[in-house]
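[1] got a predicted structure plus its sequence, pasted below:
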Amino acid sequence: MQETIVELVIGLLVVAIPLVALGRRFEIPYPIALVCGGLALGFVPGLPSVHLDPNLVLLLFLPPLLYWEAITAPTDIMLENGSQIASLAIGLVLASTIAIAVVAHAIIPGLPWAVAFVLGALIAPTDELASVPVLERFRIPRHVIAIVEGESLVNDALSLVIYAAAVTAAVTGAFDLGRWPLYLVAVAGGSVVIGLVVGRAAVEGWRRVRDTELQSVISLLLPFVAYLPALRLGTSGVLEVVTTGVYVNRFTPLVLTPQSRLRLIGFWETFVFVANALLFLIVGLQLHAIAAEVLRHDAWPAVLGYTVAINVVVLLVRFVWIVGTEYIPFVGASAEHSAPDWKHAIIASWSGLRGAVSLAAALAIPLTVAGGAPFPHRDLIIFLTFSVIVVTLVGGGLTLPAVISSLHLGDSDREESEDLERAWAGVSAAVLERIGELERDKQIEPEYAQLLRRRVEALLDETTNVTTKRRTLLQHRSGAERDVFDAGRQALIALRRQGEIDNAVLRRVQFALDLAQTRKDLHTD
């Protein structure tokens, strides 16, 4: 049995390679290519049936996916648009959950209220990994992408707390509505504290351990260490992981070595890809069996009606909420972007793509309730969740580029270009100053110092070309050259602390510096 599972996992990953390659050839984000491939695989005769342990799904898939979302999020821009993100991550999640639960309870015969809220909580949160790759291909203001990304990062926590409470009510048959608000506050507060403690421990570990392999191990363990206390204490593992990720996001430019940062970027991007590939493809294999089980209890016209109704509610509630709040004064508007903009509202409404988090949580629904009876309508809940993922991810993801193009947003990347220019100018100035210090201290020869100055000055003149700016800055093998790189990084960090650039720009420029230094270290070794 174990050999069969291993063979299946390897086979699915092999299948994922051409699927993703084909998607990129036609400029289709890889989550869309994978979900379409999973749908096709699910109807191939002779493939084995896969049954995942519900408890392992949340433990193995959710922590790393959420951690990478948090560690790469543009937190500086998100803070500037905090009211708008809160409106979506809290208000829209609650509105969507309630609306879906009410409609599901009304149209599905015998569906308990607790199970209806399980469905609502499952499909209320959006998925950053699905929508952001589409948005980043276009010239869209960074605050719009940050709002969509921030919403998907934070709304997982609230929706999965509601999900856990609803599952508990469905399994035990008891739920105290009066205690729920207090429970939510206690869970949120405790989870944030745990996340901060774990994040701080990781930062101190990275600060003291400079070995590249050990720093990488800390990063690998971090999301799971942050998530595990929730299994014992009943807190929110999602909120703990997100808090940890956002916290360490502020310190990784300081405490990780350049080699560790480069290694971890490649590792986590591959890890997230593999996790998403397995989730979507495995569910594709399960979909045929789930659909057959659903149709054994309900006629296909009824199931089709449930599917259409739930998807309409999901899309309609999001559109009404976002467009409505865009034109309500002081709701969903930051100080910098307070003027209503219907084009940006349309993009945000269209970007409500669901994905891996909803999928993993749906698969984690218990098989039975107290007493050993099957969990009510479990297969139907999973089927409806998958239908929403398909409609929003495939339908929304494929049509979003056309929607963005039709809105004629104009030159919307000017702000990011200015930040990149500011960052590279600050780096160049700091590097030039450090070169002068090294020359005065006779650590480098005057001829080589002049050569470095010409290269840096040429780089400063080309700050309008982002691709050119990423080339190697310095090409000397001496230990003094590392001081020059460090001076550039310190200038970057100072610019972020002063609010001149955001953490997303910092990561892009720092990546170029790390890559340049690492190449020189390899040549030196």
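    Arrived safely. Numbering: from 1, shown residues only.
[2] any buried residues in the top helix by length along the chain, and which?
    Counting residues, the longest helix found in the chain (DSSP state H) is helix 258-297. Buried residues in helix 258-297, defined by neighbour count with 16 or more other C-beta atoms under 10 Å: 258-265, 268, 271-273, 275-288, 290-291, 294. In short, each C-beta sits where N, CA and C put it, glycine included.
[3] same deal with stretch 168-187?
    Residues of stretch 168-187 classed as buried by neighbour count (16+ other C-beta under 10 Å): Thr168, Ala169, Ala170, Val171, Val187.
[4] so what's the residue nearest to Gly190 when sequence neighbours are not counted up against?
    Of all residues not flanking Gly190 in the chain, Thr235 sits nearest, at 4.7 Å (C-beta to C-beta, 6 or more residues apart in numbering). Residues near Thr235 by C-beta atoms under 8 Å, 6 or more residues apart in numbering: Val187, Gly190, Ser191, Ile194, Pro229.
[5] tell me which helix or strand in the chain has the weakest average pLDDT.
    The element with the least model confidence among the helices and strands of the chain, by mean pLDDT, DSSP states H and E, is helix 466-469, at a mean of 38.
[6] what is the mean pLDDT for the helix or strand following it?
    The first helix or strand that comes after helix 466-469 along the chain, using DSSP states H and E, is helix 479-497. Per-residue pLDDT values across helix 479-497 average out to 74.
[7] report the angle between the axes of helix 479-497 and helix 258-297?
    Angular relation of helix 479-497 and helix 258-297 on a 0 to 180 degree scale: 50 degrees, by axes from the mean of the first three to the mean of the last three C-alpha atoms, to 10 degrees.
[8] quick one: the helices in the stretch 101-250 of the chain?
    Secondary structure of the stretch 101-250 of the chain, counting by DSSP state H, counting those that start in this stretch: helices at 113-123, 128-135, 142-172, 180-208, 212-233, 237-249.
[9] coming back round to it: and the least confident of the buried residues of stretch 168-187?
    Among the buried residues of stretch 168-187, Val187 carries the weakest pLDDT, at 81.
[10] any idea whether the most centrally placed residue in the chain is helix, strand or coil?
    With the centre of the chain defined as its mean C-alpha position, the nearest residue by C-alpha atoms, centre = their mean is Glu69, 3.0 Å away. Secondary structure, DSSP: H, G, I helix; E, B strand; the rest coil: Glu69 is helix.
[11] verify the contact between it and Glu151 for me.
    No. Glu69 is not in contact with Glu151 according to C-beta atoms under 8 Å; the separation is 11.2 Å.
[12] how about Leu353, secondary structure?
    The local conformation at Leu353, judged by three-state DSSP, is coil.
[13] distance of it from Leu393?
    5 Å (C-beta to C-beta, to the nearest Å).
[14] which regions of the stretch 51-200 of the chain lie under the pLDDT threshold?
    Counting by pLDDT under 70, the low-confidence segments of the stretch 51-200 of the chain come to 51-55, 57, 128-139, 175-180.
[15] hmm, I was thinking of the stretch 201-350 of the chain
    The model of the stretch 201-350 of the chain has pLDDT under 70 over residues 283-284, 328-340.
[16] re the thing from before, of Leu353 and Leu393, who's got more company?
    In this comparison of Leu353 against Leu393, neighbours counted by other C-beta atoms under 10 Å, the higher total goes to Leu353 at 29 against 26.
[17] residues making contact with the helix or strand hosting Phe383?
    With secondary structure defined by DSSP H and E, Phe383 is part of helix 378-389. Under the criterion C-beta under 8 Å, 6+ apart, residues 35, 104, 108, 115, 118-119, 122-123, 283, 286-287, 290-291, 293-294, 297-298, 303, 306-307, 310-311, 314, 354-355, 358-359, 362-363, 365, 367 lie in contact with helix 378-389.
[18] just the buried ones from those residues, in ChimeraX syntax?
    The following ChimeraX selection, which keeps only the buried ones among the contacts of helix 378-389, applies the criterion 16+ other C-beta under 10 Å:
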select :35,104,108,115,118,119,122,123,283,286,287,290,291,294,298,303,306,307,310,311,314,354,355,358,359,362,363,365
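[19] got a list of what the closest residue to Gly436 other than its chain neighbours touches?
    Spatial nearest neighbour of Gly436, chain neighbours left out: Ala449 (7.6 Å); criterion: C-beta to C-beta, 6+ apart. Neighbour list for Ala449: Ile435, Gly436, Leu438, Glu439 [criterion: C-beta under 8 Å, 6+ apart].
[20] look up how far Leu353 lies from the residue nearest to the centre of the chain.
    As defined by C-beta to C-beta, Glu69 lies at a distance of 14 Å from Leu353.
[21] same check, this time on Val320
    The gap separating Val320 from Leu353 is 18 Å, by C-beta to C-beta.
[22] what of His377?
    25 Å.
[23] what's the answer for Asp486, then?
    The spacing between Asp486 and Leu353, counted by C-beta to C-beta, is 40 Å.
[24] Ser428 now?
    Ser428 is 39 Å from Leu353, where distance means C-beta to C-beta.
[25] give me the number of residues near Ala164?
    By other C-beta under 10 Å, 21 other residues sit near Ala164.
[26] burial of the closest residue to it other than its chain neighbours, as a residue count?
    Here the nearest residue to Ala164 in space, its sequence neighbours aside, is Ser236; by C-beta to C-beta, 6+ apart that works out to 7.6 Å. Ser236 has 26 neighbours, counted by other C-beta under 10 Å.
[27] do the same with Arg200
    Using other C-beta under 10 Å, the number of residues around Arg200 comes to 14.
[28] contacts only, for the closest residue to it other than its chain neighbours.
    Nearest residue to Arg200 in three dimensions, chain neighbours excluded: Tyr247, at 7.2 Å (C-beta to C-beta, 6+ apart). Each residue near Tyr247 by C-beta under 8 Å, 6+ apart is listed here: Gly195, Leu196, Gly199, Arg200, Val203.
[29] could I get these as TSV with distance to Glu213?
    Rendered in TSV, the data for the contacts of Tyr247 read as follows (distance: C-beta to C-beta, whole Å):
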residue	distance to Glu213
Gly195	25
Leu196	26
Gly199	21
Arg200	22
Val203	18
